[in-house]
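Asker: This is a predicted model, with the sequence first.
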Amino acid sequence: MRNSYIVDAPWLAEHLQDPLVVVIDCRFSLMDVTLGHTQYQTSHIAGAYYLDLNLDLSSPVQQHGGRHPLPDIAQLAAKLSQMGITKNTLVVAYDDSRFGFAARLWWLLRYMGHELVAVLDGGFAGWQSLNYPIATELPLSKSSNFVPLLQTEWIVDIETVKARKDLPEVALVDSREGDRYRGEREPIDPIAGHIAGAVNYPWMEVTNAQGLVIENHRDRWQELEKSQEIIVYCGSGVTACVNLLSLNLAGITNAKLYVGGWSDWCSYLNTDANINFRLAQFIDIDPLIELVQEFYKFEQITFDQGVLKAFTALLSDEQFGLIWLICDRDVPIGYVALTFFFSMEYHGRCGLVDELYIQESHRGKGIGKKVFNLIEDYLRSQKMRSLSLVVDHWNDKAEVFYSKLGFHREKRHLMVKHISD
């Protein structure tokens, strides 16, 4: 055992049969939300349970509050009880993402008053490399009574951040990668940039390329160790927990988590914020619901340029180069949403289709080809020069499909197709 919050694979292998040790698999992928559970079912550390970032370690997304709000504590406590976790149980969390998701569980358990929790150094890959036991069998449910004792002072909301971030005794830490902090790239949230006054400590610097924790945590945080209060955030309160782990390893215990993070912060930004595009909010969403419902009945209606023009007319505003149309996933059409970016085609901007969600029942029926052709025709009629597609759930099959439609892959999950004549 390395220390109170880090265990290595040899130590865990020796204690795998210990009834006071419970192992939890936290593997997850933001690009494919089913991947982690699929990996767990295929192989996992023998005896390990599984908790899903979206389903177990977060609650449903709302208009504000970020992409991964804190989970329902009672529901999570019930699941921990079914794993046999008591106040004397050491919980060991692991992933394959350099603590990116395991640290969320590590922080949550401590937030719930359970200090006996650690992350596995090197994650699942490190465990496999040493040929330690893996399994496909799912562990049996147990019975205990996990009683949470919330450390409510460990979290802050947006109003607290606004009120305290510029105080000289307070340090605000952005945990995202440097290019996202600087606003050069934003693959997830609608607006790029960072909270004014924040300093950047990328969460991936807590481990090396093999997912093994670094040694010099105190050196890493020496410029902030005199701060009376440290507020840590990331995109949505997940990978910020890796920095909170690092701070604790450095002996710094006055750090708090802004759970909503940048995804919450930018959801409040408006046209006064000197941004070249805006988040469109619907007061009357009925026309949008009706239109998307029609989309799902594609075979029964005429989905043509007129429909697309009606779509864009809902948000047409010549003051902005980019317009984001978003459909709330909680409305009666179900969890599936259809979102579009259209440009007004000046300043050389492109039309962008963002996250085309297609219902499971429609997949494989050619609906994608029809929709893309119609959108391309519309954009071409507006003299737009290219069409970009942000692919949220990435896999090889998707890349083959988009390549056949004429898109080329420009970034990790950005496909671009030139449509100019």
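Answerer: Ah, there it is. Here the structure is a predicted model, which is why all the values come from computation and not from measurement. Numbering: from 1, shown residues only.
Asker: can you give me the strands for the stretch 51-200 of the chain?
Answerer: Counting by DSSP state E, counting those that start in this stretch, the stretch 51-200 of the chain forms strands over residues 90-94, 117-120, 134-135, 155-156, 170-174, 199-200, given from the N-terminal end onward.
Asker: Partner strands of the first one and their direction?
Answerer: When you say that, I think you mean strand 90-94. Using DSSP bridges, the strands paired with strand 90-94 are strand 21-25 (parallel), strand 117-120 (parallel).
Asker: Pick the most buried one from those.
Answerer: Relative to the other members of those, strand 117-120 carries the highest mean neighbour count by mean count of other CB atoms under 10 Å, namely a mean of 26. The C-beta positions use only the backbone N, C-alpha and C, and glycine is treated the same way.
Asker: circling back to that earlier point, of all the strands paired with strand 90-94, which lies closest to S236?
Answerer: For these, distance to S236 was read as CB to CB. The smallest value, 19.2 Å, belongs to strand 117-120.
Asker: didn't Y233 look like it was pressed against I195?
Answerer: Yes: using CB atoms under 8 Å, Y233 makes contact with I195 at a distance of 7.2 Å.
Asker: In terms of packing, which of those two has more residues around it?
Answerer: More neighbours surround Y233 than the other of Y233 and I195, with 30 against 20 (other CB atoms under 10 Å).
Asker: Now for the nearest residue to I195 once chain neighbours are set aside: which residues touch it?
Answerer: What sits nearest to I195 in space, not counting adjacent residues and going by CB to CB, 6 or more residues apart in numbering, is W265, at 5.6 Å. Under the criterion of CB atoms under 8 Å, 6 or more residues apart in numbering, the neighbours of W265 are I158, V161, I195, Y233.
Asker: before we move on, the earlier item: what's the closest of the strands paired with strand 90-94 to W127?
Answerer: W127 lies closest to strand 117-120 among the strands paired with strand 90-94, at 6.9 Å (CB to CB).
Asker: Name the residues that touch that closest one?
Answerer: Strand 117-120 is contacted by residues 1, 4-9, 12, 23, 90-94, 99, 102-103, 105-106, 109-110, 126-127, 245 when judged by CB under 8 Å, 6+ apart.
Asker: Equivalent analysis for stretch 164-175, please.
Answerer: For stretch 164-175, the surrounding residues in contact (CB under 8 Å, 6+ apart) are 156, 161, 181, 194-203, 224, 227-234, 239-240, 242-243, 255, 262.
Asker: quick one: buried residues of that stretch?
Answerer: By 16 or more other CB atoms under 10 Å, the buried positions in stretch 164-175 come out as K165, V170, A171, L172, V173, D174, S175.
Asker: how far away is the first one from A255?
Answerer: Going back to what we said before, that points to K165. From K165 over to A255 the distance is 14 Å, taken as CB to CB, to the nearest Å.
Asker: which neighbours do those two share?
Answerer: The overlap between the contact sets of K165 and A255 (CB under 8 Å, 6+ apart) consists of I231.
Asker: thinking again about what came up before, quick one: which of the strands of the stretch 51-200 of the chain is nearest H68?
Answerer: Among the strands of the stretch 51-200 of the chain, strand 155-156 sits nearest to H68 (CB to CB), with 12.9 Å.
Asker: who does the closest one touch, helix- and strand-wise?
Answerer: strand 255-258 (3 or more CB pairs under 8 Å, 6 or more residues apart in numbering; DSSP states H and E).
Asker: as a whole number, average confidence for the strand it packs on?
Answerer: Here strand 255-258 scores 98 as its mean pLDDT.
Asker: Could you do stretch 146-153 as well?
Answerer: 96.
Asker: Any chance you could list what contacts that stretch?
Answerer: Everything outside stretch 146-153 that qualifies as a contact, by CB under 8 Å, 6+ apart, is 73, 76-78, 80-81, 85-87, 110-114, 256.
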